[in-house]
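# curious how this folds, go ahead:
(one chain, ligands or ions: 1)
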Amino acid sequence: MNQEKREHWKSHMGFVLAAAGSAIGLGNIWRFPYIAGENGGAAFVLLYLICIVLVGLPVMLCEFVVGRSTEKDPVGAYSDLSRRNVFWRLVGFMGVASGFLILSYYSVVGGWTLAYILEGATGRFSQLSSPDLAWGNFLKFTGHPYWPIVFHGFFIALCVGTVHSGVRKGIERWCDILMPALFVLLLILIVRAVTLPGARAGVAFLLKPDFSKITTQAFLVALGHAFFSLSLGMGAMITYGSYVEKKENLWKATAWVAGLDTMVALLAGLAIFPAVFAIGFDPAVGPGLIFKVLPAVFARMPGGAYLWGTLFFVLLAIAALTSGFSLLEVVTAYFVDEKGYPRHKVSIIAGIAIFLLGIPCALSFGPMQDVKFFNRTVFDSLDFLTSNILLPLGGLLICIFAGWVWGVKPALEEANAGAEGMRCKAVLGAAWKFLVRYVSPVAVVLVFLFSLGLISF
Ligand code: TRP
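Sure thing, here's the model as predicted:
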């Protein structure tokens, strides 16, 4: 076991920015805008907000509390609080494995964003003046026999370089720089988008509710996305929570992280849809939105494809990187805390292993597109296994653990440490207790069954 004194975040803001960096990722900028578009615009946004409040906030607080009270990685945390129960240790282990698996395909997409920064900066978007041209370019790049692997490796190397230097000197330092940069870039892109002639239709698309699209299905999509977007269910927030000092107010941190994450999702929609509408493209193209429609939008923007295209993909790469840090940190923390290995070695070896597993994912759009398990490519299989099975399962188990096994009383005591002066503590505590014990587990079970196709409406 590692007997050294545990590293702590240098500042409250450093912790909040790192956790927000984990939460704010491809999910916010690539996925949220198009699922909101598909599921009723503003009405969906409303549902999403309800899910964040009723499930996202309580589960995030659970993870922070479990992490801080033990000051351990997910396996060590579950183990300590359950008195070394084998089942709960396995649950922690499932989180570490999820981090490993998610990063291996997440970094493939992260690699695409890095490649697209180069495409933008070298002026390539100016040739992609229609969505079909942009899409052809995307298929050509992602189907290439080695470039996606090179950029995937480059993305992992950036994550390793950061996690390698530790919590303060690596993750916190970089998030302190990258997150403000992300906010500034996003604001610049929004101002550009909403001042284009004809942008109003795009703003209306995102903000005008269409209540006829509010179905049970939309609700489950919102809930599932709330989970993924807040990085819940695999111990990422347990791990980040384990570096928080007792004097910090975890209630406030939870509110900040979830608030920033939601804000960036909404603002990303506000940067994307007005531009898409102003150029007169179809906003409902689904997952291809960013790579299919946006390069063509940039090509036609006053100010040029170089500038706007590059800025947008820098934004996307930052969002992906700070999420990648947290995924690699979960794996690293496990080997450091449980096995006592030195961080710098672990981060490199874990990075290499993740890189290797990511190779078939990187090739899933080209040479290996016909290698399928249950009709899914390697990339899709890992995405399905983690997003639809491991994360909801991990989320359900953390609620059961904090609400029933470890117990709400010690959990609340830990949550309230550092929150002595806070008002409405009793009310918040009672609400949290109710949500964690009853509402969140039931909601998560529903999403779970739905995403496995076991229930439908
Ligand atoms: N939240 C990130 C996003 O929105 C993805 C992510 C990062 C994640 N770390 C995670 C998801 C941990 C679940 C668990 O893109």
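# switch to C-alpha atoms for all contacts and neighbour counts from now on
Noted.
# which pLDDT value goes with Ser415?
One thing to correct before we go on: residue 415 is Ala, not Ser. Per-residue pLDDT puts Ala415 at 95.
# what about it, how many neighbours?
Residues within reach of Ala415, counting by other C-alpha atoms under 10 Å, total 24.
# quick one: contacts of the one helix or strand it maps to?
Under the criterion DSSP states H and E, the helix or strand holding Ala415 is helix 408-416. With contact meaning C-alpha atoms under 8 Å, 6 or more residues apart in numbering, helix 408-416 is reached by 61-62, 65-66, 68-69, 249-251, 402, 425, 429, 433.
# same check, this time on stretch 375-395
For stretch 375-395, contacts defined as C-alpha under 8 Å, 6+ apart pick out 59, 91, 94-95, 98, 101-102, 105, 224, 227-228, 232-234, 360-362, 364, 368-373, 441, 444-445, 447-448, 451-452.
# those residues also near the ligand: which ones?
228, 232, 234 (C-alpha under 6 Å from any ligand atom).
# what about this structure, any weak spots by pLDDT?
For the chain, applying pLDDT under 70 flags the ranges 1-4, 284-287, 303-304, 457.
# what's near enough to touch the residue of it most remote from its centre?
Relative to the centre of the chain, the most outlying C-alpha is that of Pro197, 32.7 Å out, by C-alpha atoms, centre = their mean. Contact partners of Pro197, counting by C-alpha under 8 Å, 6+ apart, are Ala278.
# helix, strand or coil for it?
Per DSSP: H, G, I helix; E, B strand; the rest coil, the local secondary structure of Pro197 is coil.
# which residues are in contact with the nearest residue to Ala20 once chain neighbours are set aside?
Excluding its sequence neighbours, the residue lying closest to Ala20 (C-alpha to C-alpha, 6 or more residues apart in numbering) is Val257, at 4.9 Å. Taking C-alpha under 8 Å, 6+ apart as the criterion, Val257 is in contact with 16-17, 19-20, 23.
# which one of these is nearest Thr142?
Ala23 (25.4 Å; C-alpha to C-alpha).
# so how many other residues sit close to the closest one?
30.
# and the spatially closest residue to it that is not a sequence neighbour, how far from the ligand?
Distances taken as C-alpha to C-alpha, 6+ apart put Leu230 closest to Ala23, at 4.6 Å, once the chain neighbours are dropped. Distance, Leu230 to the ligand, by C-alpha to the nearest ligand atom, to the nearest Å: 5 Å.
# and the stretch 101-250 of the chain, which residues reach the ligand?
Counting by C-alpha under 6 Å from any ligand atom, the residues of the stretch 101-250 of the chain close to the ligand are 228-232, 234, 236.
# who wins on neighbours among those?
Ala236 (33 neighbours).
# surely that one and Ser326 touch.
Yes. Ala236 is within contact range of Ser326, at 6.2 Å (criterion: C-alpha atoms under 8 Å).
# just to revisit the earlier point, and the contacts of helix 408-416, which of them are in strands?
The strands, defined by DSSP state E, take in nothing from these.
# take those and lay them out in CSV including neighbour count and distance to Tyr306.
Output for the contacts of helix 408-416, formatted as CSV (neighbours: other C-alpha atoms under 10 Å; distance: C-alpha to C-alpha, whole Å):
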residue, neighbour count, distance to Tyr306
Leu61, 25, 42
Cys62, 29, 44
Val65, 28, 45
Val66, 31, 46
Arg68, 24, 45
Ser69, 23, 48
Asn249, 19, 43
Leu250, 27, 42
Trp251, 23, 42
Ala402, 24, 50
Lys425, 14, 51
Gly429, 18, 51
Lys433, 20, 51
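# what about those, which are in helices?
Within those, residues falling in helices by DSSP state H are 61-62, 65-66, 68-69, 250-251, 425, 429, 433.
# between the residues of the stretch 101-250 of the chain next to the ligand, which is nearest Leu187?
Ser229 (20.3 Å).
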